[in-house]
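[1] Quick one, fold the following:
(2 chains)
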2 protein chains.
Amino acid sequence: MDFSSKLLENAVYEISQLPGIGKRTALRLVLHLLKQPENQTNSLATALVSLRSQIKFCKSCHNISDVDLCEICANPKRDENIVCIVEDIRDVMAIENTGQFRGLYHVLGGKISPMEGIGPQDLNISSLIAKAKSGIIKEIIFALSSTMEGDTTNFYIYKQIEGLEISTSTIARGVAVGDELEYADEVTLGRSIINRIPFEGSLKAN
Amino acid sequence: MDFSSKLLENAVYEISQLPGIGKRTALRLVLHLLKQPENQTNSLATALVSLRSQIKFCKSCHNISDVDLCEICANPKRDENIVCIVEDIRDVMAIENTGQFRGLYHVLGGKISPMEGIGPQDLNISSLIAKAKSGIIKEIIFALSSTMEGDTTNFYIYKQIEGLEISTSTIARGVAVGDELEYADEVTLGRSIINRIPFEGSLKAN
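    Numbers count the residues shown, from 1 in each chain, chains lettered A, B, ... in the order given. Below is the predicted model of the structure:
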């Protein structure tokens, strides 16, 4: 693309560095900002810069937080004996939205992925093991995505806490509530048959 | 969505104000920025703020420019007798990329659209009429999109310059080069038959 302005070219370049945003979309966004009042651009820029410079990660669960210890970890009503291991903060938000979990989280910050060069030392695993060894944790729930990387990560952590008195579980996989069986993939449907639960249990969950 | 951090919530809100970006995409972008070095966020913010505060619009054609008179208008090799009327800067870039036009542009900044409350006074029309009346322009090419709003805008401008010694033309509509006839819509195919050109002319264009 041939820009008539260096300022414009620079702004388009910077926006197109974001994932999933190409040059054309970036140009559309920049032209939109130019049509809006100047303070919209300023508050966008300020929000991003102050987020990046002031954001903290909870020293216990590594969730994003404005303070040293996040709201969930600091809440005395949450059960510190149960820890749910998730990949990133979006998973915390998703589980929190269900309102079904009253334990704490541990945000790994990714999954072990040799292909992308991400090893256990790049993730928040050592602090989890330390917590596990301190004896507070009674149950660990693995809630990583069921990919090869997720399974590897689960297994790596499982091996580290083997021998400690901690029960482990993984979230149930199955046909989504409200979904038609005929549209479910075979692996999911297969698992939901193998891992069937007593009928009375399913009544209680509703 | 329930955020664990005000800073995060604010950044997601500001990004989701951009057109076509919802809260989920905004969150994905923000989390991406958090994983990148801090200077990437800073240069993005700086690029946007300096664009918004320092950008100029060419005083002649209203194209985006870093200086008072844009490169195209300031270029003595361009033919100032031919003016191509376009909706916004993206159209200028598209036409410039063809390398087929050596005249000047006039960027309206939109189309007359009563539905969206955009009247002629909201567009850069008066400066165009002034230029036309000064006698520099010999030909005006209408290159707005062929929608009702585009046609209305063309007609409004045409009425204003009626009586002046200016020839008017509009860009050719037809089946795209390389396209199969069977996939062209009827209106386009119909127009390309009505506005057929001599066969020798088509050879010259290649």
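
[2] okay, now the domains of chain A?
    Domain assignment for chain A, taken from automatic domain parsing, gives A:6-54, A:69-205.

[3] Looking at those, which is nearest to chain B?
    With C-beta to the nearest C-beta, the closest approach to chain B among the domains of chain A belongs to domain A:6-54: 3.7 Å. Where C-beta positions appear, they are placed from N, C-alpha and C, glycine not excepted.

[4] Just the terminal-to-terminal distance for that closest one.
    End-to-end distance for domain A:6-54: 30 Å, by C-alpha to C-alpha, to the nearest Å.

[5] who touches the closest residue to residue A:111 other than its chain neighbours in this structure?
    Spatially, and ignoring its direct neighbours in sequence, residue A:111 is nearest to residue A:149 (4.0 Å; C-beta to C-beta, 6 or more residues apart in numbering or on different chains). By C-beta atoms under 8 Å, 6 or more residues apart in numbering or on different chains, the contact set of residue A:149 is A:111, A:112, A:113.

[6] now residue A:149: how far from residue A:57?
    To residue A:57, residue A:149 is 22 Å away according to C-beta to C-beta, to the nearest Å.

[7] same check, this time on residue A:81
    From residue A:81 over to residue A:57 (counting by C-beta to C-beta), the distance is 23 Å.

[8] show me what contacts the residue nearest the centre of chain A?
    Centroid check for chain A by C-alpha atoms, centre = their mean gives residue A:88 as the closest residue, at 2.2 Å. Listed by C-beta under 8 Å, 6+ apart, the contact set of residue A:88 reads A:107, A:108, A:109, A:110, B:31.

[9] ditto for residue A:173
    Residues counted as contacts of residue A:173 (C-beta under 8 Å, 6+ apart) are A:146, A:188, A:191, A:192, A:195.

[10] before we move on, what about residue A:103?
    Going by C-beta under 8 Å, 6+ apart, residue A:103 touches A:78, A:79, A:80, A:81, A:82, A:83, A:84, A:139, A:141.

[11] pretty sure residue A:40 contacts residue B:15?
    No - between residue A:40 and residue B:15 there is no contact under C-beta atoms under 8 Å: 11.4 Å.

[12] ok, residue A:185 - contacts?
    By C-beta under 8 Å, 6+ apart, residue A:185 has no neighbours at all.

[13] same thing but 10 Å
    A:175, A:191 (C-beta atoms under 10 Å, 6 or more residues apart in numbering or on different chains).

[14] All the helices of chain A, in order from the start?
    Ranges of helices in chain A, per DSSP state H, are A:6-15, A:23-35, A:38-54, A:71-74, A:89-98, A:126-134, A:148-161, A:186-194, A:199-205.

[15] No further queries at this time; thank you.
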